[in-house]
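Asks: could you work out the structure for the sequence below:
(chains A and B)
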Amino acid sequence: MELLETVWDVFLRTYPGFLEATLITLKITAVALVLGTILGLLFALMKISRSKLLQTIANLYITVIRGTPLIVQIMFLYFGITSLIVLSGFWAGAIALGIHNGAYIAEIFRGAIQGIDKGQREASSSLGMTRSQSMRRIVFPQALKRSIPPLGNQFIITLKDSSLVYIISVPELFSMANIEAAQSFQSLETYLVVGVYYLVLVMIFTYLLKLYENKLNVDK
Amino acid sequence: MLKGSNIHKSFGDLEVLKGIDLEVAPSEVVVLVGVSGSGKSTLLRCFNFLERINEGSIEVDGQVVDPKKHKLSNIRAEVGMVFQHFNLFPHMTVLENVIEAPMIVKKMKKADAIVLAKGLLDKVGLADKADVYPSKLSGGQKQRVAIARSLAMEPKVLLFDEPTSALDPELVGEVLGVMQQLAQEGMTMVVVTHEMKFAREVADRVIMLDEGRIIESADPVTFFENPSHERTKQFIQLVD
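Replies: Below you'll find the model as predicted:
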């Protein structure tokens, strides 16, 4: 009971700063997801294209990104890019997270596109559609719908992974928790509070996703 | 209208078509029969260029089609295909399924495409299902939509790949009815089917494929009453 009381105290003391930090966490996640989705789509299309070169580039990207830790990628990008151009920690972190996500999202899209029955492509071909018309109008819309559950999952992972940008001092939620814990010596309580922040964010997101999926199913 | 000369097609080491010569005249209805594995579906798919032939040539409307030189999408727009499993677009309504290709491929105006599509849906008896998604239709209705969808491109030839094989028996009749009507209107058709009654009543010519070769080609009466090849006799006994 005593712990609960001190946790409550920590919550009351930290929430103005933590809410601000939550906003940064959400922003960095949003940028990473937009970038990741664009890259994912691009690399998925490269991977299923008929060009060996494009396939190789996509495979290389996916292999390297999936084969190295996110935290290494963040550091690499931060120190790599900031030696060339001036870039804030926020943008370096968001871009690193976006590039990281792109590899996973590419595989989600690729799987969904290749999972569409080949009869769909044959039917559109037999009607005179070109490969790209068939992809744009017939295959991709169906694949996108199938991608939504795994994409939602990936989005949740991204939200939580965004905590790793604390390493380049972006003042997001986890960074703030670290600072608070160090200053107050109430580490247990602080990390408990910040854990609840993430949990609530994920639950809200999951709920929104569920609503969206239901809406799609009603439409069909 | 459609002419195949010396068509050879192999999948790996397996030669499925071993030199097929077949010419289909305008308004002719040709029914292809044969046991499974005889190559009849493969032949049909070659005519639609869904499979590339290894040897020989295919002419559409007097023009030899070279897959390297011609844009296959243009050729395919003239050769319609109806599939065993319908392959309707599940994310589109019945009407959207039918107007899609005329709009995308022929750049037809939406309003014109809708008029065309409604006429075709009426023809196949599904005018009232225009705004329904395919998942709400029976197999027979799906196949009739698929036929309307092919007709919307105003093809010169319509190929049917076992159009009733995936249907419950009581739904076969409605699809064959539409096909018979098309035949009477003068549509050039090549039909792979196991429906011998349809072959007897609607075909101008029945062709028997066996192990990748045409072994019998005759009008339905001769084909069923007086076939020349022993394999044909066996086949007719088996299916009739």
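
Asks: just the helices in chain A please.
Replies: Taking DSSP state H as the criterion, chain A contains helices spanning A:2-48, A:52-67, A:70-82, A:89-114, A:118-126, A:131-133, A:140-161, A:173-184, A:187-219.

Asks: mean neighbour count, those helices: which tops it?
Replies: Ranked by mean neighbour count, those are led by helix A:89-114 with a mean of 22 (mean count of other Cβ atoms under 10 Å in any protein chain shown). Placement of C-beta: from N, CA and C, glycine included.

Asks: can it be said to contact chain B?
Replies: No. Helix A:89-114 stays out of contact with chain B when judged by Cβ under 8 Å from any Cβ of the partner chain, the minimum separation being 13.1 Å.

Asks: any idea of the angle that helix forms with helix A:70-82?
Replies: 120 degrees (axes from the mean of the first three to the mean of the last three Cα atoms, to 10 degrees).

Asks: please state the offset of stretch B:221-240 from the chain centre?
Replies: 23 Å (Cα atoms, centre = their mean, to the nearest Å).

Asks: and the longest helix for chain B?
Replies: helix B:169-184.

Asks: ok, residues contacting that one?
Replies: Helix B:169-184 is touched from outside by B:29, B:123-125, B:138-141, B:143-144, B:147, B:151, B:158, B:160, B:163-164, B:167, B:189, B:191, B:195, B:198, B:201-202, with contacts defined as Cβ atoms under 8 Å, 6 or more residues apart in numbering or on different chains.

Asks: was I right about A:M129 contacting B:V105?
Replies: Yes. Counting by Cβ atoms under 8 Å, A:M129 sits close enough to B:V105 to count as a contact (5.8 Å).

Asks: of those two, who's got more company?
Replies: Applying other Cβ atoms under 10 Å in any protein chain shown to A:M129 and B:V105 shows that A:M129 carries more neighbours, namely 23 against 20.

Asks: pLDDT score for the more buried one?
Replies: Looking at A:M129, its pLDDT reads 93.

Asks: coming back round to it: intersection of neighbour lists for A:M129 and B:V105?
Replies: In contact with both A:M129 and B:V105: B:S73, using Cβ under 8 Å, 6+ apart.

Asks: ok, B:S228 - contacts?
Replies: B:E216, B:A218.

Asks: okay, now the unreliable bits of chain A?
Replies: A:218-220 (pLDDT under 70).

Asks: in it, what residue comes closest to chain B?
Replies: Chain A approaches chain B most closely through A:G128 (2.8 Å), counting by Cβ to the nearest Cβ.

Asks: which non-adjacent residue is nearest that residue?
Replies: B:A77 (2.8 Å; Cβ to Cβ, 6 or more residues apart in numbering or on different chains).

Asks: ok, the one you found - contacts?
Replies: A:L127, A:G128, B:A101, B:V105, B:K106, B:M153, B:P155.

Asks: roughly how far apart are it and B:F89?
Replies: Separation of B:A77 from B:F89 (Cβ to Cβ, to the nearest Å) stands at 17 Å.

Asks: again with A:L84
Replies: 47 Å.

Asks: out of those two, which sits in the more crowded spot?
Replies: The neighbour comparison of A:L84 against B:F89 (other Cβ under 10 Å) goes to B:F89, with 22 against 7.

Asks: isn't that one up against B:P134?
Replies: Yes. Counting by Cβ under 8 Å, B:F89 does reach B:P134; the two are 7.4 Å apart.

Asks: A:A30 versus the residue nearest in space to the middle of chain A, what's the distance?
Replies: Among the residues of chain A, the one closest to the centroid is A:T158, at 3.5 Å (Cα atoms, centre = their mean). Distance of A:T158 to A:A30, given as Cβ to Cβ: 9 Å.

Asks: what of A:N214?
Replies: For A:N214, the distance to A:A30 - Cβ to Cβ - is 23 Å.

Asks: so which bits of chain B are right by chain A?
Replies: Residues of chain B lying near chain A (Cβ under 8 Å from any Cβ): B:48, B:50, B:71-74, B:76-81, B:83, B:85, B:87-91, B:100-101, B:104-106, B:133, B:135, B:146, B:149-150, B:153.

Asks: so which residues of chain B form strands?
Replies: All strands of chain B, identified by DSSP state E, fall at B:2-11, B:14-24, B:29-33, B:55-60, B:63-64, B:79-82, B:157-161, B:188-192, B:205-210, B:213-218.

Asks: so where's chain B shaky on pLDDT?
Replies: B:240.

Asks: need phi/psi at the residue of it at minimum distance from chain A.
Replies: Taking Cβ to the nearest Cβ, chain A has its nearest neighbour within chain B at B:A77, 2.8 Å off. The phi and psi values for B:A77, taken as degrees, to the nearest 10, are phi -60, psi -20.

Asks: cool, and B:A166?
Replies: Taking degrees, to the nearest 10 as the convention, B:A166 sits at phi -100, psi 10.

Asks: does it really touch B:G139, like I thought?
Replies: Yes. The pair B:A166 / B:G139 is scored as a contact, 6.2 Å apart, by Cβ under 8 Å.

Asks: got any residues that touch both of the two?
Replies: With Cβ under 8 Å, 6+ apart, B:A166 and B:G139 have common neighbours B:F86.

Asks: more neighbours: those two, which one.
Replies: Between B:A166 and B:G139, counted using other Cβ under 10 Å, the more crowded position is B:G139 (17 against 14).

Asks: skipping its backbone neighbours, what lies nearest the more buried one in space?
Replies: Going by Cβ to Cβ, 6+ apart, B:G139 has B:L167 as its nearest residue, at 4.5 Å.

Asks: what's the neighbour count on the one you found?
Replies: When neighbours are counted by other Cβ under 10 Å, B:L167 comes out with 21.

Asks: what sits against it?
Replies: Applying Cβ under 8 Å, 6+ apart, the residues contacting B:L167 are B:G139, B:G140, B:Q143, B:V175.

Asks: highest neighbour count among these?
Replies: B:Q143 leads those on contacts (other Cβ under 10 Å) with 30 neighbours.

Asks: tell me the contacts of that one?
Replies: Counting by Cβ under 8 Å, 6+ apart, B:Q143 has contacts B:V82, B:F86, B:P163, B:T164, B:L167, B:V175.

Asks: one more: B:T188?
Replies: B:M1, B:L2, B:V24, B:A25, B:P26, B:S27, B:E28, B:V29, B:K156, B:V157, B:L158 are the contacts of B:T188 under Cβ under 8 Å, 6+ apart.

Asks: that older thread, make TSV out of the contacts of B:L167 and add distance to A:I57.
Replies: As requested, the contacts of B:L167 are exported to TSV (distance: Cβ to Cβ, whole Å):
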residue	distance to A:I57
B:G139	44
B:G140	48
B:Q143	43
B:V175	47
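
Asks: got the contact list for B:H85?
Replies: B:H85 neighbours (Cβ under 8 Å, 6+ apart): A:G119, B:A166.
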